[in-house]
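Chemist: next one to model:
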Amino acid sequence: MTDELSRFTSDRRTRGDALWVTEQDWNAGVTENVDVVGDGLVGRDPVQRSGDFGNVVDDFETGSLSAYRGDTGAFSVQSSVVYRGDYAAEITRTGGSAGGITSVSGLENYPKKGSEFSVKLRWDNGRRVHPMFRFGLRDGYNYYGFGLDAHESESGDTEAILQKLVDGTGTVMDSTRDLDELELYDGVWTEIRGVWRDDDTIAVKWLDDAGNELVSLQAVDSDHEGNSGIGIWSNHSGVSGSCTTWWDEILTS
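Modeler: From the prediction side, this is the model:
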């Protein structure tokens, strides 16, 4: 079959719009979105991504963290717990310790001003977890961040925070403690979904595994409009025990 519009696809995409990995796949007629059943082709259910996020920032399918700097020794790319595909990033923290990695180059896509983004995360100990996704990042001292904090060692009130760091000085732009205890979501993949609009509005939501909104925070700011790096960060909130956090499928529009 040589027709550029019908190379074993179920939706007649052109070759440039298909997902084959290599020239050899194309030439060999590797099927995409269809299964060969007998003498015919049967369409598969499409893979659902979050919203309309068509660009992968990092789904960790390379099995490498080579595009990142920071506490790379504290993170690993593993295959035991994943949202989709074969790999996800993992970090385990104990005794109130934190670890984070950042990337400003080396990934094919980054969430920029005027775009939307989505991140999947999961943890095993919601009484201790304190994860944060960072975007609009220039370096470890300049970024926006959306984080969740169990505050187990303090008041016990779970908190969601939208903050910025400018030359190392942090400012909470929006926050709330009106949300469920994080331990209710132990072992569940949840989603951070954000939009960084051209009018400087930054709106970030936290969604459960069914896509229901749990938290929504918003601010207007332009301090990092020229930056597009990302970071993933996790802290163990407390003095005993441990917490593992997994990160997967970072996407942008």
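
Chemist: all helices of this protein, in order?
Modeler: In the chain, the helices defined using DSSP state H lie at 23-28.

Chemist: least trustworthy helix or strand in it by mean pLDDT?
Modeler: Among the helices and strands of the chain, helix 23-28 carries the lowest confidence by mean pLDDT, DSSP states H and E, at a mean of 49.

Chemist: okay, and the beta partners of residue 236?
Modeler: Note on residue 236: beta-bridge partners residue 129, judged by DSSP bridges.

Chemist: correct me, but it touches residue 94?
Modeler: Yes. Using Cβ atoms under 8 Å, residue 236 makes contact with residue 94 at a distance of 5.6 Å. Every residue, glycine included, has its C-beta placed from N, CA and C.

Chemist: anything in contact with each of these two?
Modeler: For the pair residue 236 and residue 94, residues contacting each of them under the criterion Cβ atoms under 8 Å, 6 or more residues apart in numbering are 242-243.

Chemist: more neighbours, the two?
Modeler: The residue with more neighbours, out of residue 236 and residue 94, is residue 236; 27 against 14, by other Cβ atoms under 10 Å.

Chemist: tell me how far that one lies from residue 173.
Modeler: In this structure, residue 236 and residue 173 are separated by 25 Å, where distance is defined by Cβ to Cβ, to the nearest Å.

Chemist: and stretch 74-82, what's its mean pLDDT?
Modeler: When the per-residue pLDDT values of stretch 74-82 are averaged, the result is 95.

Chemist: got a list of what residue 131 touches?
Modeler: Shown in contact with residue 131 (Cβ under 8 Å, 6+ apart): 121, 123, 147-148, 232-235, 245.

Chemist: how far away is it from residue 235?
Modeler: Spatial separation of residue 131 from residue 235 under the definition Cβ to Cβ is 8 Å.

Chemist: mind showing which ranges of this protein have poor pLDDT?
Modeler: For the chain, applying pLDDT under 70 flags the ranges 1-52, 95-96, 151-156, 237-240.

Chemist: mind redoing it with 80?
Modeler: Of all residues in the chain, those with pLDDT under 80 make up the ranges 1-53, 94-97, 126-128, 150-157, 178-180, 236-241.

Chemist: which parts of it belong to which domain?
Modeler: When the chain is parsed into structural domains using automatic domain parsing, the resulting residue ranges are 1-46, 55-252.

Chemist: any idea how far residue 161 is from residue 221?
Modeler: Noted for residue 221: a distance of 14 Å to residue 161, by Cβ to Cβ.
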